[in-house]
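Novice: Here is the input, now give the coordinates:
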Amino acid sequence: MDVLPLLLLVAGSAAVAGFARRTPVPAPLLLVAAGLAVSYVPGVPGYELDPEIVLPLVLPPLLYTAATDSSYLDLRAHMRPIALLSVGYVLFATLAVGWAAYLIVPSLPLPAALVFGAVVAPPDAVAATAVARRVGLPSRITTILQGESLVNDATAITAYKVALAAAVGEGATWAGGVREFLLAAVGGVVVGLVLMVPIHWLRTHLNEALLQNTLSLLIPFVAYGIAEQVHASGVLAVVVVALYLGHRAWEVDFATRLQEEAVWKMVAFVLESAVFALIGLQLPVVLKGLGQYQGAQAAWYAVAVFLVVVAARFVWIYPATFLPRILSARVREREGSPTWKGPFIIGWAGMRGVVSLAIAFSIPLTVDGGVSFPDRNLLLFLTFTTVIGTLVVQGLTLPPLIRLLKLPGRDVQAETLAEANAQAQASRVAEERLDELLADDRNALPPPLADRLRSVLERRRNAVWERLGAVNPVTGETADDTYRRLSREMISAEREMFVKLRDHRYIDDEMLRTLLRRLDLEEAAAYREAA
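Specialist: So this is what the prediction gives:
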């Protein structure tokens, strides 16, 4: 097996993603553009997207890290709009886009067109949520987009299997399709519910952070594999397990949490970067087999399908947003009355991604009797152009559109005030507990050490309040910012001295590593990187 193309893909995509952080262009768009450009370079290895790799090996960890970073309580609070998008919209898009493709492409049979509808139905919200965080969208919209992306892949994959069974002549019926869909959905949830408690128990009873994080890396693949083995939805199994583990992550020791956060950030960064670059690199593959569809005809099909995909999302979103409020006083009371702007942004954020391409590449070459699948190469091309079109057109215009509509962003002042109040309550409880412990003779401490404990507690309590205070007119820093900067300068000076002592052989490397780790932990406690 030649690993050089894989190494080049990972290294190149990571470099482009790193460069994108210094530009106003979202990383997914720059990665796709780089992939498109590199695909024309002579001598570049051929990168054909393999669904047998993407679906079981790439999708589970991306779903896992997204779900563990999500809020179970927020997702539950917005369950109705999330379900309408992740299930209702995907099924609607399958039918609407499939029927439109059947009318647009004369040679395309309706069953094959519905297969294509299922392929392009699920939006990939990775790019959309990245833009949402950068421009500060309201948390409700971000939560809905995140929740949709966690579940819609399961809906689309199941719908694709049902449509494919009909297209290849396996005698699929509507009743059978509904039954298969329900079995996959319910089965995936059940597998997740069965696995989540014993996995969490194992995580909390392993005594070493390395073992716990090794288990963490295996969890998404185990959940996905077991669910798929029993013909259930592996996507839903991963999401259920990840939401439960993320909700109860506080029960795992601090070393595991610190390592786990770093490990999964790295995994998500590498996979997301490689996946978006891989999308652009598919251009030679999809053009190679286009056959009779060339030039203006193929371009017309691509533009028409792209417009249908974009329009279908708006056709679903506005009725799904306002009809429940018109029909139900309970919904109006619980969720309020949104303006047209929020649904418009959610509609415009329906960018497609690698899951659509992976499903498209899994369309079989032949059906019963060795007959070629109808217009398979054209469907690959239309999937590719739809993914590229939504990423480029919608991805590039989403940030200015959000600014133009002047949606209210996150209330940073209110969030900081809530954080300060929470810290004050926690500090009060901790101080009471400290007084109880120090009253016991077994916990006697010299006054300086007891005062140090109280000063650390006081520092934590005051740090958040200081962010609400006035800023330094010279530097623009709050008192908390200045404190953290000075702490880092002091720690940096200590670190340099330790290295000098090592270089002059006053201490050895093992002692240096011990001292540096102690400083690293102090720096991590004193300085929080902006998320």
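
Novice: In a helix, residue 337, correct?
Specialist: No - secondary structure of residue 337 (DSSP: H, G, I helix; E, B strand; the rest coil): coil, not part of a helix.

Novice: mind checking which helix or strand the residue nearest to it when sequence neighbours are not counted is in?
Specialist: Distances taken as Cβ to Cβ, 6 or more residues apart in numbering place residue 325 nearest to residue 337, at 6.3 Å, with adjacent residues excluded. Every residue, glycine included, has its C-beta placed from N, CA and C. Assessed by DSSP states H and E, residue 325 sits inside helix 295-327.

Novice: what ranges do the helices span in the stretch 151-300 of the chain?
Specialist: 174-205, 209-229, 234-247, 254-280, 283-288, 295-327 (DSSP state H, counting those that start in this stretch).

Novice: Excluding covalently adjacent residues, which one is nearest to residue 192?
Specialist: Per Cβ to Cβ, 6+ apart, closest to residue 192 is residue 240, 2.6 Å.

Novice: buried residues in the host helix or strand of residue 404?
Specialist: In the assignment (DSSP H and E), residue 404 maps to helix 395-405. Neighbour-count burial for helix 395-405, with 16 or more other Cβ atoms under 10 Å as criterion, is recorded at 395, 398, 399, 401, 402.

Novice: after that helix comes which helix or strand?
Specialist: Tracing the chain past helix 395-405, the next element assigned as helix or strand by DSSP H and E is helix 412-438.

Novice: Quick one: the helices in the stretch 1-150 of the chain, in order.
Specialist: Taking DSSP H, counting those that start in this stretch as the criterion, the stretch 1-150 of the chain contains helices spanning 4-20, 27-38, 51-53, 59-68, 72-77, 79-83, 90-104, 110-119, 125-135, 139-167.

Novice: now the ones you listed as JSON lines including mean neighbour count, mean pLDDT and distance to residue 451?
Specialist: Formatted as JSON lines, these follow (neighbours: other Cβ atoms under 10 Å; pLDDT from 0 to 100; distance: least, Cβ to Cβ, whole Å):
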{"stretch": "helix 4-20", "mean neighbour count": "16", "mean pLDDT": "89", "distance to residue 451": "45"}
{"stretch": "helix 27-38", "mean neighbour count": "21", "mean pLDDT": "88", "distance to residue 451": "47"}
{"stretch": "helix 51-53", "mean neighbour count": "12", "mean pLDDT": "83", "distance to residue 451": "58"}
{"stretch": "helix 59-68", "mean neighbour count": "24", "mean pLDDT": "90", "distance to residue 451": "39"}
{"stretch": "helix 72-77", "mean neighbour count": "14", "mean pLDDT": "87", "distance to residue 451": "38"}
{"stretch": "helix 79-83", "mean neighbour count": "18", "mean pLDDT": "92", "distance to residue 451": "49"}
{"stretch": "helix 90-104", "mean neighbour count": "21", "mean pLDDT": "95", "distance to residue 451": "60"}
{"stretch": "helix 110-119", "mean neighbour count": "26", "mean pLDDT": "93", "distance to residue 451": "65"}
{"stretch": "helix 125-135", "mean neighbour count": "21", "mean pLDDT": "63", "distance to residue 451": "41"}
{"stretch": "helix 139-167", "mean neighbour count": "24", "mean pLDDT": "87", "distance to residue 451": "40"}
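
Novice: Out of those helices, which is closest to residue 446?
Specialist: helix 59-68 (42.2 Å; Cβ to Cβ).

Novice: Quick one: distance of the closest one to the chain centre.
Specialist: Taking Cα atoms, centre = their mean, to the nearest Å, one finds helix 59-68 lying 7 Å from the centre of the chain it belongs to.

Novice: same question, stretch 116-127
Specialist: That offset, for stretch 116-127, works out to 14 Å (Cα atoms, centre = their mean).

Novice: swap in stretch 424-441?
Specialist: 39 Å.

Novice: Let me see the mean pLDDT of it.
Specialist: In this model, stretch 424-441 carries a mean pLDDT of 81.

Novice: Give me the contacts around it.
Specialist: The contact list for stretch 424-441 (Cβ atoms under 8 Å, 6 or more residues apart in numbering) reads 443, 444, 445, 450, 453, 454, 457, 458, 460, 461.

Novice: Without its sequence neighbours, what residue ends up closest to the first one?
Specialist: This means residue 443. residue 437 (4.7 Å).

Novice: What is the burial count for that neighbour?
Specialist: Here the number of neighbours of residue 437 (other Cβ atoms under 10 Å) works out to 13.

Novice: And the one 5 residues further on, by the same measure?
Specialist: The local packing of residue 442 (other Cβ under 10 Å) involves 5 other residues.

Novice: go on, residue 178?
Specialist: Using other Cβ under 10 Å: residue 178 sits among 11 other residues.

Novice: got it, and residue 88?
Specialist: Residue 88: 14 surrounding residues under other Cβ under 10 Å.

Novice: what does residue 260 give?
Specialist: For residue 260, the neighbour count with other Cβ under 10 Å is 22.

Novice: Can you tell me how far it is from residue 69?
Specialist: 11 Å (Cβ to Cβ, to the nearest Å).

Novice: can you check residue 346 too?
Specialist: As judged by Cβ to Cβ, residue 346 and residue 69 stand 20 Å apart.

Novice: Residue 339 too?
Specialist: 28 Å.

Novice: And these two? Which one has more around it.
Specialist: Counted by other Cβ under 10 Å, residue 339 and residue 69 do not tie: residue 69 has more neighbours, with 14 against 9.

Novice: most packed of the helices of the stretch 151-300 of the chain?
Specialist: helix 234-247 (a mean of 26; mean count of other Cβ atoms under 10 Å).

Novice: Farthest-apart pair in the buried residues of helix 395-405, please.
Specialist: Spatially, the most separated pair among the buried residues of helix 395-405 is 395 and 402, at 12.1 Å (Cβ to Cβ).

Novice: Filter the contacts of stretch 424-441 down to the ones in helices?
Specialist: Residues of these located in helices (DSSP state H): 450, 453, 454, 457, 458, 460, 461.

Novice: Pull out the buried members of those.
Specialist: In the ones in helices among the contacts of stretch 424-441, burial by neighbour count holds for 457, 461, counting by 16+ other Cβ under 10 Å.

Novice: from the ones in helices among the contacts of stretch 424-441, which is closest to residue 359?
Specialist: Nearest to residue 359 among the ones in helices among the contacts of stretch 424-441: residue 460, at 48.5 Å, using Cβ to Cβ.

Novice: separation between that closest one and residue 32?
Specialist: 43 Å.

Novice: quick one on the thing from earlier: so can I have a markdown table of the ones in helices among the contacts of stretch 424-441 showing pLDDT?
Specialist: Formatted as a markdown table, the ones in helices among the contacts of stretch 424-441 follow (pLDDT from 0 to 100):
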| residue | pLDDT |
| --- | --- |
| 450 | 80 |
| 453 | 80 |
| 454 | 82 |
| 457 | 77 |
| 458 | 79 |
| 460 | 73 |
| 461 | 74 |
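
Novice: Perfect, I'm done here.
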